[in-house]
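Student: got a predicted structure here, sequence first:
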Amino acid sequence: MDADTLTEPTQVRVELGDRSYDILIGADLLAQASAHISPFLKQDRVFIVSDETVWRLHGDALNATFSKAGLSVIEKILPAGESTKSWTLLGETLDWLLEHGASRDDVLIAFGGGVIGDLTGFAASMLKRGMQFIQIPTTLLAQVDSSVGGKTAVNARHGKNLIGAFYQPRLVLADTSVLATLPDRERRAGYAEIIKYGLINDRAFIDWLSQHGRDVLDLVPNAIAEAVAVSCRSKAQIVAQDEQEGGVRAVLNLGHTFGHALEAENGYGPDLLHGEAVGTGMVLALRYSARLGLMPESEAERGANLIAQSGLTANLGALPGGPYDSAALVEAMRQDKKARGGKVPLILAKGLGEAFIYPNADLSDVQDFLQEELQKS
């Protein structure tokens, strides 16, 4: 895998017929945003949804690029944090669009991390039965995962992402320069999703991350651009095969069933970030695979070590937001929208880079496994 300096934006195509779109990856794309977005405009304005933190850091830069192009900006700035992804703020955002006369011909831009992307995309899908939207993801996690593939949603009191729709963006602009303002903790959370793509089906990427992972976390330009591009390409290929998660796309949820349960136990609060939960969730998925005899324990621990070396937590008992209770975690897993009759599909692995759908995991056995993991720390 070539890690030479990338000076031009990398283009990754998501092939979905008439819903196909490009992901552009590179430095300083924010300054070029109007040029890339103009082909989709039918009016001389754009609607932008962002959060307070992102807008404070990068709002002036995005405003400037549209102003130079003679475009007006109508913005909606929401609070930062997972609690923003709510039915209440979704309704408030839709009311804001209607108050400003937004139409299906307008372009709605999601400018932020996964929370903003999910809520904005869902709002776009609902406004007059669908308006155009564009993703400008500003976190590493959003650039490699949530901005790509068309999953949009808000959370419910019963669980995460239970109210939503599949709705594809028209374009994704992943400016790696904006990642410099991310706290280290947020970078590590995003890096968990990068590791995921290796664990799913790309052992060569695991080997590359073993050598270059520190450069990725340090945002060395060639390394971060390569990691984002490989991740987006991997996800694009899977989404093209299975847009609405009827089959193979489910492998993208490696670690997520465990992770969502951990987030639920934290009330989706700031003590545990999504990527932190997924990082530990992937360790649990690998170790549970080994417990079932699906993969060697040594392979599971190599994956766990790769996750731990990034600064993420490989041991459940040491995960932020604890202490955790195995029964409570399993009860949260029962709320998974795919759970049936005391069983839930998990994404497990036959080896590193060999993830697969394990359709009927026994939750009573999962609880015993989680209790053993908690006792390790």
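Tutor: Arrived safely. Residues are numbered from 1 along each chain as shown.

Student: after the host helix or strand of residue 116, which helix or strand is next?
Tutor: Element membership of residue 116 [criterion: DSSP states H and E] is helix 114-126. The first helix or strand that comes after helix 114-126 along the chain, using DSSP H and E, is strand 132-137.

Student: can you list the neighbours in contact with stretch 263-277?
Tutor: Defining contact as CB atoms under 8 Å, 6 or more residues apart in numbering, one finds that stretch 263-277 is touched by 81-83, 114, 141, 155, 159-160, 185-186, 188-193, 258-260, 262, 312-313, 319-321, 324-325, 328-329, 332, 335. Just so you know, the C-beta spots here come from the backbone N, C-alpha and C atoms, and that holds for glycine as well.

Student: out of those residues, which are buried?
Tutor: Buried subset of the contacts of stretch 263-277 (neighbour count, 16 or more other CB atoms under 10 Å): 82, 114, 141, 155, 159-160, 186, 188-193, 258-260, 262, 312-313, 319, 321, 324, 329, 332, 335.

Student: show me those residues that map onto helices.
Tutor: Among the buried ones among the contacts of stretch 263-277, the ones falling in helices (DSSP state H) are 114, 141, 186, 188-193, 258-260, 262, 329, 332.

Student: which of the residues you listed sits closest to residue 374?
Tutor: Among those, residue 329 lies closest to residue 374 (CB to CB), at 9.2 Å.

Student: just checking, that closest one touches residue 262?
Tutor: Yes - using CB atoms under 8 Å, residue 329 is in contact with residue 262, at 6.9 Å.

Student: looking at the protein, which helix or strand is least sure?
Tutor: In the chain, no helix or strand scores lower on mean pLDDT, DSSP states H and E than strand 159-166, which sits at a mean of 89.

Student: partners of that strand, with directions?
Tutor: Note on strand 159-166: by DSSP bridges, its sheet partners are strand 151-156 (antiparallel).

Student: and for the partner strand, what are the contacting residues?
Tutor: Contacts of strand 151-156 with the rest of the structure, by CB under 8 Å, 6+ apart, involve 82, 85-87, 89-90, 117-122, 124-125, 160-167, 268.

Student: before we move on, what about stretch 303-322?
Tutor: In contact with stretch 303-322 (CB under 8 Å, 6+ apart) are residues 184, 188-189, 191-192, 195, 199, 206, 209-210, 213, 217, 262, 265-266, 269, 271-272, 275-277, 279-280, 282-284, 286-287, 323-324, 349, 352, 370, 373-377.

Student: identify each buried residue in that stretch, please.
Tutor: Buried residues in stretch 303-322, defined by neighbour count with 16+ other CB under 10 Å: 303-304, 306-308, 310, 312-314, 316, 319, 321-322.

Student: in the stretch 151-300 of the chain, which spans are helices?
Tutor: 184-201, 203-217, 221-241, 256-265, 274-291, 297-309 (DSSP state H, counting those that start in this stretch).

Student: in the fifth one, which residues are buried?
Tutor: Think helix 274-291. With burial defined by 16+ other CB under 10 Å, the residues of helix 274-291 counted as buried are 274-291.

Student: low-confidence ranges in the stretch 201-350 of the chain?
Tutor: When residues are selected by pLDDT under 70, those of the stretch 201-350 of the chain lie in 337.

Student: for the stretch 51-200 of the chain, give me the ranges with low pLDDT.
Tutor: For the stretch 51-200 of the chain, no stretch has pLDDT under 70.

Student: what about residue 359, neighbour count?
Tutor: Neighbour count of residue 359, defined by other CB atoms under 10 Å: 12.
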